[in-house]
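K.L.:
the amino acid sequence is not available; the structure is as follows:
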């Protein structure tokens, strides 16, 4: 037992939250997995009941080529998983891992007893299959073509899943969040095929899901996470859209309307400290709000404001390409996968013409305006700098879930940098969770980010055996932001190395065709300072700066952004960017093989540029990046 970790939790989590979690555990043990109103009878469904309200609408004049292509692939058992198309069997096998076929789960084991951490397994992959992503494409294909075979494919998908995954058994019933999101997908996409699908069958299917979720709400932890919110979202969406199941809405909507503002910070960001989960929650919460509205119900104003804040703050972070930076974990999952997109593409949040909004016109009020100037999100500890087509993101924020970790990384004072569509610096990404714990911890560790590491230490301690624990002791934050001499500047600071006597402050500056970084290592004593720069390219060479590049670097020095760069030891990246370095200590530069993960279960070759400087603190490291505009 890690006593210091539990001591940290006791000091961090309010006592009332700990008491609430204990009470929830006691209630669950007493009810043995049944919801607190398990004996309430379901409302009878009148034979002539009006069709359920719909959130999705068939768009007019939409190019459905990509959607039909994915729908046809899904008929062959190729499903869109984590932004990639993967073969999952024909018919779909909901118990065998399509990314590791040697891993198979026993469908007869109760969901509560499924071993989610068996060697080499990653239940998240199975759950992505179990969210039934093909339902979105089948329903959309039916709406676009009117061909009844697509509605038949939708109906048979639901029937096949129910036949091969009895309620409460197997890996597809091992996580309430996944059961809930599956119910949400069925309820939402049913609106596009409702004239071709019998309601009683669906009502029974969704009743099973709601009953299971209500009896397994993920509220027994001291911190309520996105899992708990997702549990409630499915119950609310189903209860709103199916009148015969309205009691689920009546019982759980008040909880969700309380939970959404609790998980959203004042600056609009989500408390998981992860852009991937920020987007997922924005879509989930939007689905709940729009479902309530479609049913003639409503969400409180504070809830709608929180949801708009999620879209607004995500739009403020977008790169010129429309991709979002990777801050914290990215599992590539979506709540409303209405258009095929790569894992990092979030351009739709600030694009009123995006195809997603054609399917859900009632969501127009939540679309944000594109951000063209620099911005700071103080609660998230994120500064986004823009200068023409140049973009930079500096992350210096708290760990997720109230400082306990969750989906946060040791990325304090880490940056991403792009010039237009050319990515110069990126986050290494998440890649996997439980399938490879060592890889998981390496990628959320300090060395996986574009920041400075001191004496090989982690900014925040990684707890052995706990893949989502990261006690926040770094106390990071954005210390300043300004515009000066044609540059947009931001400063981040953290105390993650205070136990070694060092405080790290990074000043990041962005111009239209260059960027500069000044790393101040304040403190005393002898130390090893390592600065890493992860570039998503393989063509990386060391060379001398040209005369023109030397003049550009001299201009940066005249702006006060350097002590002096070494013109002999520069590094060129993909022929489009040049790195130059300097320091107040002797230093060496090296280029090593690495990789980056632009989406869950994805990996691409890359390079890591590393600066090693050893000596006495205080010290400063200087880095410049020039964009090479070649014809």
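P.N.:
On my side now, so go ahead. Only a predicted model underlies this, so the values are computations on that prediction, with no experimental measurement involved.

K.L.:
alpha carbons only for contacts and neighbour counts from here, please
P.N.:
OK.

K.L.:
which stretches of the stretch 1-150 of the chain have low pLDDT?
P.N.:
1, 3, 6, 9-10, 16-51 (pLDDT under 70).

K.L.:
can you pull the contacts of the residue nearest to the spatial centre of the chain?
P.N.:
For the chain, the residue nearest the mean C-alpha position is residue 276 (1.1 Å; Cα atoms, centre = their mean). With contacts defined as Cα atoms under 8 Å, 6 or more residues apart in numbering, the neighbours of residue 276 are 326, 327, 328, 329, 330, 331, 332, 333.

K.L.:
so the fourth one, which state does it fall into?
P.N.:
Recorded secondary structure, residue 329: coil (DSSP: H, G, I helix; E, B strand; the rest coil).

K.L.:
which stretches of the stretch 301-450 of the chain form strands?
P.N.:
Under the criterion DSSP state E, counting those that start in this stretch, the stretch 301-450 of the chain carries strands at the ranges 375-377, 382-387, 390-395, 414-419, 422-425.

K.L.:
can you tell me which of those is nearest to residue 90?
P.N.:
strand 422-425 (38.5 Å; Cα to Cα).

K.L.:
still on that earlier bit, need the strands of the stretch 301-450 of the chain in TSV (columns: mean neighbour count).
P.N.:
Shown next, in TSV, are the strands of the stretch 301-450 of the chain (neighbours: other Cα atoms under 10 Å):
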stretch	mean neighbour count
strand 375-377	20
strand 382-387	26
strand 390-395	28
strand 414-419	25
strand 422-425	19
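
K.L.:
just put those in a markdown table and tack on mean pLDDT and distance to residue 308.
P.N.:
Conversion of those to a markdown table gives the following (pLDDT from 0 to 100; distance: least, Cα to Cα, whole Å):
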| stretch | mean pLDDT | distance to residue 308 |
| --- | --- | --- |
| strand 375-377 | 98 | 15 |
| strand 382-387 | 98 | 18 |
| strand 390-395 | 98 | 22 |
| strand 414-419 | 98 | 25 |
| strand 422-425 | 98 | 28 |
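
K.L.:
of those, which is nearest residue 290?
P.N.:
Counting by Cα to Cα, residue 290 lies closest to strand 375-377 out of those; the figure is 26.6 Å.

K.L.:
any idea how far the closest one is from the chain center?
P.N.:
Centroid separation for strand 375-377 versus its chain: 19 Å, with Cα atoms, centre = their mean, to the nearest Å.

K.L.:
what sits up against it?
P.N.:
267, 269, 313, 316, 382, 383, 384, 385, 481.

K.L.:
try it again with 7 Å
P.N.:
Applying Cα atoms under 7 Å, 6 or more residues apart in numbering, the contact partners of strand 375-377 are 267, 316, 382, 383, 384, 385.

K.L.:
which one of those is nearest to residue 359?
P.N.:
Of all the contacts of strand 375-377, residue 316 has the smallest distance to residue 359: 23.8 Å, by Cα to Cα.

K.L.:
coming back round to it: so can I have CSV of the strands of the stretch 301-450 of the chain showing distance to residue 464?
P.N.:
Shown next, in CSV, are the strands of the stretch 301-450 of the chain (distance: least, Cα to Cα, whole Å):
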stretch, distance to residue 464
strand 375-377, 31
strand 382-387, 28
strand 390-395, 25
strand 414-419, 24
strand 422-425, 29
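
K.L.:
any idea which element the residue nearest to the centre of the chain lies in?
P.N.:
Element membership of residue 276, judged by DSSP states H and E, is helix 275-294.

K.L.:
for that helix, what is the average pLDDT?
P.N.:
For helix 275-294, mean pLDDT rounds to 97.

K.L.:
stretch 194-211 too?
P.N.:
Averaging pLDDT along stretch 194-211 gives 87.

K.L.:
begin at 44, not 1, for the rest of this chat.
P.N.:
Got it, the first residue is 44 from now on, which makes the last one we talked about stretch 237-254.

K.L.:
can you give me the buried ones in it?
P.N.:
Within stretch 237-254, the residues scored as buried using 16 or more other Cα atoms under 10 Å are 237, 240, 242, 245, 246, 248, 249, 250, 251, 252, 253, 254.

K.L.:
roughly how far does the last one sit from residue 260?
P.N.:
Here residue 254 is placed at a distance of 10 Å from residue 260 (Cα to Cα, to the nearest Å).

K.L.:
and the first one, by the same measure?
P.N.:
Counting by Cα to Cα, the gap from residue 237 to residue 260 is 29 Å.

K.L.:
same thing with the second one?
P.N.:
Computed with Cα to Cα, the distance linking residue 240 and residue 260 is 29 Å.

K.L.:
for residue 523, the count of nearby residues, please.
P.N.:
13 (other Cα atoms under 10 Å).

K.L.:
A strand includes it, no?
P.N.:
Yes: with three-state DSSP as the criterion, residue 523 is assigned to a strand.

K.L.:
what pairs with it across the strands?
P.N.:
Note on residue 523: beta-bridge partners by DSSP bridges are residue 534.

K.L.:
hmm, it is touching residue 531, no?
P.N.:
No: counting by Cα atoms under 7 Å, residue 531 is not a contact partner of residue 523; they are 11.0 Å apart.

K.L.:
report the beta-bridge partner residues of residue 585.
P.N.:
residue 614.

K.L.:
confidence score at it?
P.N.:
You'll see residue 585 listed with a pLDDT of 97.

K.L.:
OK, contacts around it?
P.N.:
Contacts of residue 585 (Cα under 7 Å, 6+ apart): 612, 613, 614, 615.

K.L.:
how much space separates it from residue 620?
P.N.:
Taking Cα to Cα, one finds residue 585 at 12 Å from residue 620.

K.L.:
what's the answer for residue 440, then?
P.N.:
Using Cα to Cα, we find residue 440 at a distance of 28 Å from residue 620.

K.L.:
what of residue 556?
P.N.:
For residue 556 relative to residue 620 (Cα to Cα), the value is 10 Å.

K.L.:
can you pull the residues that touch both of these two?
P.N.:
Counting by Cα under 7 Å, 6+ apart, the contacts common to residue 556 and residue 620 are 669, 670.

K.L.:
where is the longest strand in the protein?
P.N.:
strand 647-659 (DSSP state E).

K.L.:
give me the mean pLDDT for that one.
P.N.:
For strand 647-659, the mean per-residue pLDDT is 98.

K.L.:
partners of it, with directions?
P.N.:
For strand 647-659, pairing defined by DSSP bridges yields strand 569-578 (antiparallel), strand 630-639 (antiparallel).

K.L.:
what is the helix or strand encompassing residue 110 packed up against?
P.N.:
Under the criterion of DSSP H and E, residue 110 resides in helix 108-118. Applying 3 or more Cα pairs under 7 Å, 6 or more residues apart in numbering; DSSP states H and E, we find helix 108-118 packed against helix 177-188.

K.L.:
what's the first helix or strand after the helix holding residue 110?
P.N.:
Per DSSP H and E, helix 108-118 leads on to strand 121-124 as the next helix or strand towards the C-terminus.

K.L.:
return the distance of that following strand from the chain's centre.
P.N.:
When distances are taken as Cα atoms, centre = their mean, strand 121-124 is centred 19 Å away from the chain's centroid.

K.L.:
and it, what does it pack onto?
P.N.:
Applying 3+ Cα pairs under 7 Å, 6+ apart, one finds that strand 121-124 contacts strand 127-130.

K.L.:
what's the strand it packs on packed up against?
P.N.:
Partner elements for strand 127-130 (3+ Cα pairs under 7 Å, 6+ apart): strand 121-124.

K.L.:
what lies in contact with the strand it packs on?
P.N.:
With contacts defined as Cα under 7 Å, 6+ apart, strand 121-124 is touched by 128, 129, 130, 131, 171, 176, 177.

K.L.:
in TSV: those residues, plus neighbour count and distance to residue 576.
P.N.:
Below are the contacts of strand 121-124 laid out as TSV (neighbours: other Cα atoms under 10 Å; distance: Cα to Cα, whole Å):
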residue	neighbour count	distance to residue 576
128	14	31
129	17	32
130	17	35
131	24	37
171	22	32
176	22	36
177	25	39
